[in-house]
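Visitor: no sequence on this one, just coordinates:
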């Protein structure tokens, strides 16, 4: 098989492999690295692929093992809380939508909101790597225990045991893990619009009014954690007034409402990419904000400098 023929064969699976690696690793950029590693390993071992309908399973096996190898090599410390995830990154909805079914690809994988929300991605990072792989394969992708065992080269009993332990860990860590609706709700859209308006007007009190009393803000890769309105009020007051002038663009990440912020610092003439805020809404107010830096603006389809 020529390299171009092989590329044409595997390319339709690239995005779903990327999402799979993202769930395993919690990082958009690291997932991209492991997709490249997966395709390289697949090319090198192409003679072992028998052809036919087993291509997807074969690629998933390679991708899962690539992620497990990466996790072992990095020797990350065990995660104790959601704030202890400096590598966590958002996943742009515009790229998730590439996997939506169409007339050309009626069997494309649909990314369910409950399996991609930031809280879920952070939650499964609490699991040991192989338990995480089992949970994703069984509960997210819906693979039978036998196929999962074959992929991981283990027994069905081991897979079932790992799945049981993974589910127990998740239930204990977040018993109320029900996700929001499949599409953004009216509350979410309205709160996102209010969040953008308050920031552009540098109105901290208007921003606070949109938030729950138990609001939480985290800022990966920084270990900052702000809990409650009173902890957040001075943060917003200083951040909105002192840095410069803000311009925000509505976007979406992990099937959640998000805003990309541009900042024109004092003395500057242009609005430059600064951060992405991903919002979790509960009870008609903003319950959580996860603030990321500007690293992935291009992945969101956004320029580094705001036009106009």
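Guide: Okay, I see it. Note that the coordinates shown come from a computational prediction; the quantities given were computed from them, not determined experimentally. Numbering: from 1, shown residues only.
Visitor: quick one: residue 159 from residue 66, how far?
Guide: 19 Å (CB to CB, to the nearest Å). Placement of C-beta: from N, CA and C, glycine included.
Visitor: again, but for residue 290
Guide: Separation of residue 290 from residue 66 (CB to CB): 27 Å.
Visitor: those two - which one has more neighbours?
Guide: Shown here are residue 290 and residue 66; by other CB atoms under 10 Å, residue 290 has more neighbours (26 against 23).
Visitor: now do the buried residues in the helix or strand in which that one is found.
Guide: Assessed by DSSP states H and E, residue 290 sits inside strand 285-293. For strand 285-293, burial by neighbour count (16 or more other CB atoms under 10 Å) applies to 286-292.
Visitor: closest to residue 207 among these?
Guide: Nearest to residue 207 out of the buried residues of strand 285-293 is residue 286 (CB to CB; 8.7 Å).
Visitor: so what pLDDT did that closest one get?
Guide: Residue 286 carries a pLDDT score of 97 in this model.
Visitor: summarise which helices and strands the strand of greatest length in the chain is packed against.
Guide: Identified as the longest strand of the chain according to DSSP state E is strand 272-282. Counting contacts by 3 or more CB pairs under 8 Å, 6 or more residues apart in numbering; DSSP states H and E, strand 272-282 packs against helix 118-124, helix 186-200, strand 245-253, strand 256-264, strand 285-293.
Visitor: what about the longest one, distance to the chain center?
Guide: Spelled out, it's helix 186-200. 21 Å (CA atoms, centre = their mean, to the nearest Å).
Visitor: what helices or strands is that helix leaning on?
Guide: Applying 3+ CB pairs under 8 Å, 6+ apart, we find helix 186-200 packed against helix 204-209, strand 245-253, strand 256-264, strand 272-282, strand 285-293.
Visitor: output the below-cut-off pLDDT ranges for the stretch 101-250 of the chain.
Guide: The stretch 101-250 of the chain contains residues with pLDDT under 70 at 102-108, 175-182.
Visitor: could I get the full set of strands for it?
Guide: Here the stretch 101-250 of the chain has its strands, by DSSP state E, counting those that start in this stretch, at 211-219, 222-227, 245-253.
Visitor: I'd like to know which of those is closest to residue 15.
Guide: Nearest of the strands of the stretch 101-250 of the chain to residue 15, taken as CB to CB: strand 245-253 at 15.5 Å.
Visitor: got a list of what residue 87 touches?
Guide: 25-27, 30, 76, 220-221 (CB atoms under 8 Å, 6 or more residues apart in numbering).
Visitor: list only those of those residues flagged as buried.
Guide: Buried residues within these, counting neighbours by 16+ other CB under 10 Å: 25-27, 30, 76, 220.
Visitor: contacts for whichever helix or strand residue 65 is part of?
Guide: Here residue 65, judged by DSSP H and E, is contained in helix 55-74. The contact list for helix 55-74 (CB under 8 Å, 6+ apart) reads 9-10, 13, 17, 20-21, 24-25, 30, 33-35, 37-38, 41-42, 45, 49, 129-130, 133, 137, 141, 147, 151-152.
Visitor: quick one on the thing from earlier: got TSV for the strands of the stretch 101-250 of the chain, with mean neighbour count and distance to residue 306 too?
Guide: Shown next, in TSV, are the strands of the stretch 101-250 of the chain (neighbours: other CB atoms under 10 Å; distance: least, CB to CB, whole Å):
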stretch	mean neighbour count	distance to residue 306
strand 211-219	18	22
strand 222-227	14	24
strand 245-253	20	5
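Visitor: and those as a markdown table, adding distance to residue 124?
Guide: What follows is the strands of the stretch 101-250 of the chain, written out as a markdown table (distance: least, CB to CB, whole Å):
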| stretch | distance to residue 124 |
| --- | --- |
| strand 211-219 | 17 |
| strand 222-227 | 20 |
| strand 245-253 | 17 |
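Visitor: any idea how far apart the tips of stretch 215-225 sit?
Guide: This stretch, stretch 215-225, spans 11 Å end to end (CA to CA, to the nearest Å).
Visitor: now what about it, what contacts it?
Guide: So stretch 215-225 is in contact with 82-89, 226-229, 232, 235, 285-293, going by CB under 8 Å, 6+ apart.
Visitor: cool, and stretch 287-304?
Guide: 28-29, 88-90, 92, 94-95, 118-119, 211-212, 214-221, 249, 251, 253, 260, 272-281.
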